[in-house]
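Undergrad: The sequence and its predicted three-dimensional model are supplied below.
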Amino acid sequence: MTRLIWTTAAALALMTAPTAYAQKPQLTGESGTTVIEDCLAEAEAGDRDRQSCVGKMYDACPGNAGSTLEMVTCITDETAFWDIRLNEVYRELIALYQQQDSEFGDDYNMAARLRETQRGWIDWRDLKCRFAYDEFRGGTLGRVTGADCIMTMTAERVFELEDLKDAAEM
């Protein structure tokens, strides 16, 4: 899944690459993830909606008002944060479902069902975000909306899986 996101993001970034450009420093790494993590901590404390945390790293990125390449790079950096979080919660939920599957004497294999659902979600995300790109017929704005679609859908999936995990732990 991570490879697919990076491949898509790299393709979008390459499509926007001019022959020469000046790079601005990007808000990446620990400083960038802190912006989102602080927001998510506030959401967990009840001070805000966690959906409002999507785009926080992008908003704080110095390149978000620059060239298309810089904007897509800012979005891709935040997408990496959400992708790591998605993989973590997915692994935790699979492990939880595997444990439950072994404890219940029924025919439900929730771990396998989650894998199947996740594969379907990846297909849907890629199809939807390709359409977001294509809406602008490959133009500059399409590169930004395609990358933003991947970021937003990945973050939303994180929240969905976190909710499933919370419910499964009850």
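TA: Arrived safely, thanks for sending. Keep in mind that this is a model prediction, so the values were computed, not measured.
Undergrad: This protein: strands as residue ranges?
TA: Here the chain has no strands by DSSP state E.
Undergrad: In this protein, where is pLDDT below threshold?
TA: 1-32 (pLDDT under 70).
Undergrad: Quick one: the helices in it, in order.
TA: Applying DSSP state H to the chain gives helices spanning 2-16, 29-44, 56-60, 68-103, 110-134, 140-168.
Undergrad: If you count neighbours, what's buried in the third one?
TA: Judged by neighbour count (16 or more other C-beta atoms under 10 Å), helix 56-60 contains these buried residues: K56, M57, Y58, A60. Where C-beta positions appear, they are placed from N, C-alpha and C, glycine not excepted.
Undergrad: with these in mind, which one is nearest to V72?
TA: Taking C-beta to C-beta as the measure, V72 sits nearest to Y58 out of the buried residues of helix 56-60, at 10.2 Å.
Undergrad: Give me the neighbour count for C149.
TA: For C149, the count of nearby residues is 20 (other C-beta atoms under 10 Å).
Undergrad: Please tell me how far it sits from Y133.
TA: For C149, the distance to Y133 equals 8 Å [C-beta to C-beta, to the nearest Å].
Undergrad: And G55, by the same measure?
TA: 18 Å.
Undergrad: Which of those two has more residues huddled nearby?
TA: More crowded of G55 and Y133, by other C-beta under 10 Å: Y133, with 23 against 20.
Undergrad: Having no further points to raise, I will conclude here.
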